[in-house]
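**Q** I need the structure of the sequence given here:
(2 chains)
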Amino acid sequence: DAGVIQSPRHEVTEMGQEVTLRCKLISGHNSLFWYRQTMMRGLELLIYFNNNVPIDDSGMPEDRFSAKMPNASFSTLKIQPSEPRDSAVYFCASRPHGEGEAFFGQGTRLTVV
Amino acid sequence: DAKTTQPPSMDCAEGRAANLPCNHSTISGNEYVYWYRQIHSQGPQYIIHGLKNNETNEMASLIITEDRKSSTLILPHATLRDTAVYYCIVRVQNTGNQFYFGTGTSLTVIP
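**A** Numbering: from 1, shown residues only, chains lettered A, B, ... in the order given. The predicted structure is shown next:
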């Protein structure tokens, strides 16, 4: 398995534009996490899905952020409209059913100018 | 709420054992101790986890004190590639509880 795959690896966009980050889970995994990492705040959990259903979105900073799992193997994180303070590295991670460690993707480095 | 305390940074000589401490004094009886590391610009990587017994795998050893209020991750022969930020996390196994990362320990392996 190729692991958790995120795209794009780098994204530069202008303030106000819509940004969509993508994540492909490891086959057979049923839990999906989105994290954001900045120097100031470290690794923050944004949202967690289990079996395609959002379980905890308390970490989503505001209504400009939304996340979906249209199927069991794919997720998107959308920011609309984007702001410079959204600049960060965004990671997704997946975990198999029941137990086991979370496997992280390589991240998407987002820069909003 | 990360529920763990780690020193912000440590150095270790190449080839020597690296011992990374973690305090988790409020750990509950059903919470496991997990260790992850993050090499610069990469996603966090799982290392090891345990409940109360010491654990060892091909990457590291985990020593958990009898009262479970602290643990130590041991890299037996540190290499330059082990330079990374190491995170200690406590969570309940087999539940929906997600992984909350603290600030971690930045380990630098010196040639």
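
**Q** helix/strand/coil for the residue of chain B at minimum distance from chain A?
**A** In chain B, the residue that lies nearest chain A is B:Gly43 (3.2 Å; C-beta to the nearest C-beta). To be clear about C-beta, it is placed using only N, CA and C from the backbone, and glycine gets the same treatment. Three-state call for B:Gly43 (DSSP: H, G, I helix; E, B strand; the rest coil): coil.

**Q** residues in chain B within reach of chain A, list them.
**A** B:34, B:36, B:41-46, B:49, B:87, B:93-94, B:96, B:98-104 (C-beta under 8 Å from any C-beta of the partner chain).

**Q** re earlier: leaving out chain neighbours, which residue sits closest to the residue of chain B closest to chain A?
**A** A:Phe104 (3.2 Å; C-beta to C-beta, 6 or more residues apart in numbering or on different chains).

**Q** same check, this time on B:Ser61
**A** B:Ile74 (4.4 Å).

**Q** could you do B:Ser28 as well?
**A** Nearest residue to B:Ser28 in three dimensions, chain neighbours excluded: B:Val92, at 7.5 Å (C-beta to C-beta, 6+ apart).

**Q** what parts of chain A come near chain B?
**A** Residues of chain A lying near chain B by C-beta under 8 Å from any C-beta: A:4, A:31, A:33, A:35, A:42-43, A:45, A:48, A:50, A:55-56, A:91, A:93, A:98-99, A:101-107.

**Q** what residues sit buried inside stretch A:61-77?
**A** Within stretch A:61-77, the residues scored as buried using 16 or more other C-beta atoms under 10 Å in any protein chain shown are A:65, A:67, A:69, A:73, A:75, A:77.

**Q** B:Thr105 against B:Ser9, yeah?
**A** Yes: taking contacts as C-beta atoms under 8 Å, B:Thr105 lies within contact range of B:Ser9: 6.5 Å.

**Q** partners of the lowest-mean-pLDDT helix or strand in chain B in the sheet?
**A** Every helix and strand in chain B was compared by mean pLDDT, DSSP states H and E; the lowest is strand B:84-92, with a mean of 91. Here strand B:84-92 has these sheet partners by DSSP bridges: strand B:31-38 (antiparallel), strand B:105-110 (antiparallel).

**Q** may I have the first one as PDB, with CA atoms only?
**A** To tie it back to what came earlier, the one meant is strand B:31-38. Extracted in PDB, the C-alpha atoms of strand B:31-38 (Å, rounded to 0.1, in the frame of the first residue of the first chain):
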ATOM      1  CA  GLU B  31      -5.100   4.900  28.700                       C
ATOM      2  CA  TYR B  32      -2.200   3.800  26.600                       C
ATOM      3  CA  VAL B  33       1.100   5.700  26.100                       C
ATOM      4  CA  TYR B  34       1.900   6.200  22.400                       C
ATOM      5  CA  TRP B  35       5.100   7.700  20.900                       C
ATOM      6  CA  TYR B  36       5.300   9.300  17.500                       C
ATOM      7  CA  ARG B  37       8.100  11.200  15.900                       C
ATOM      8  CA  GLN B  38       8.100  13.900  13.200                       C
END
